[in-house]
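Novice: output the structure for:
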Amino acid sequence: MTEELTTTPRTEPKGSALDLLHIVRINEEIKAVVAVAFKINIMALNAIFLAKRAGTAALGFGVLSNELRSFSGQLRETMLSLNGLIHDSVAEVSVLLLDSRYSGIFAAAAAQAPSSARMRAVLEHRESRTAEYRAKLSILRRSLRSSVEDAFRLVELGGVLAKSAKIEAAYGAAFSVSLSQVSSESDGIVEEIRGSLDTLRKSRFFRG
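Specialist: So this is what the prediction gives:
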């Protein structure tokens, strides 16, 4: 699809085609984050189990593990919301691409009949429709960017929880090694997600 879009002359092929490429990349990154977020849920459950075995020595760790599990659920919901915005953006960009193709055809026809009032009216109508499509995409672009920023802030909170759990693990008495291991793994995954979302924040799609 990409090769076809970049080699066929149209009114505004590069912008819409590149938008589509950027959206696809964002979607792939979101799917990766959702998959990793599921691991946090599993690790949090394991951490909660360990905390219960450690008893009073790991009360703080247990509380933080529960919070990490809640964070995992919130992150999954946030990423699913992002996925919905991605689908809407793909649909709108696809409409713009199709509109560009037809606009090119009508522009070529108008060039053959420059005195045709009917053709001018058709072109004016198409320009108005194109402006509407662009406005819709602009709204989706802003919504998606805002949601990515919200997800990033959520993950920063998750990072604080994971790092706090690492500190609490040191007080886990005989279970401190196991608690430290599971909390370090959780912290590593949260940092991985943070990196992915930071990449999304810098997507060129948001510069359009």
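Novice: what ranges of the chain fall below the confidence cut-off?
Specialist: In the prediction, the chain carries residues with pLDDT under 70 at positions 1-13.
Novice: cutoff 80 now
Specialist: Counting by pLDDT under 80, the ranges of the chain that qualify are 1-15, 208.
Novice: need the helices for the chain, in chain order.
Specialist: Ranges of helices in the chain, per DSSP state H, are 2-7, 13-54, 59-112, 117-169, 176-201.
Novice: can you pull the buried residues of stretch 138-148?
Specialist: 140, 141, 143, 144, 145, 147, 148 (16 or more other C-beta atoms under 10 Å). Heads up, the C-betas are built off the backbone N, CA and C, glycines and all.
Novice: returning to what we had before: what would the helices of the chain look like in a markdown table with distance to residue 208?
Specialist: Rendered in a markdown table, the data for the helices of the chain read as follows (distance: least, C-beta to C-beta, whole Å):
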| stretch | distance to residue 208 |
| --- | --- |
| helix 2-7 | 16 |
| helix 13-54 | 6 |
| helix 59-112 | 10 |
| helix 117-169 | 6 |
| helix 176-201 | 15 |
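Novice: in stretch 59-71, what counts as buried?
Specialist: With burial defined by 16+ other C-beta under 10 Å, the residues of stretch 59-71 counted as buried are 60, 61, 62, 63, 64, 65, 66, 67, 68, 69, 71.
Novice: in TSV, list those along with distance to residue 205.
Specialist: As requested, the buried residues of stretch 59-71 are arranged in TSV below (distance: C-beta to C-beta, whole Å):
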residue	distance to residue 205
60	42
61	40
62	41
63	39
64	35
65	36
66	36
67	32
68	31
69	32
71	27
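Novice: I'd like to know how far residue 22 sits from residue 150.
Specialist: To residue 150, residue 22 is 19 Å away according to C-beta to C-beta, to the nearest Å.
Novice: those two - which one has more neighbours?
Specialist: residue 22 (18 against 14; other C-beta atoms under 10 Å).
Novice: using PDB, list the CA coordinates for stretch 56-67.
Specialist: Coordinates of the C-alpha atoms in stretch 56-67 are reproduced here as PDB (Å, rounded to 0.1, in the frame of the first residue of the first chain):
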ATOM      1  CA  THR A  56       3.900  -8.500  58.400                       C
ATOM      2  CA  ALA A  57       7.500  -7.900  57.100                       C
ATOM      3  CA  ALA A  58       6.100  -7.200  53.700                       C
ATOM      4  CA  LEU A  59       2.900  -5.300  54.400                       C
ATOM      5  CA  GLY A  60       4.100  -2.200  52.500                       C
ATOM      6  CA  PHE A  61       5.300  -4.300  49.600                       C
ATOM      7  CA  GLY A  62       1.900  -6.000  49.500                       C
ATOM      8  CA  VAL A  63       0.100  -2.600  49.300                       C
ATOM      9  CA  LEU A  64       2.300  -1.400  46.500                       C
ATOM     10  CA  SER A  65       1.900  -4.700  44.600                       C
ATOM     11  CA  ASN A  66      -1.900  -4.200  44.700                       C
ATOM     12  CA  GLU A  67      -1.500  -0.700  43.400                       C
END
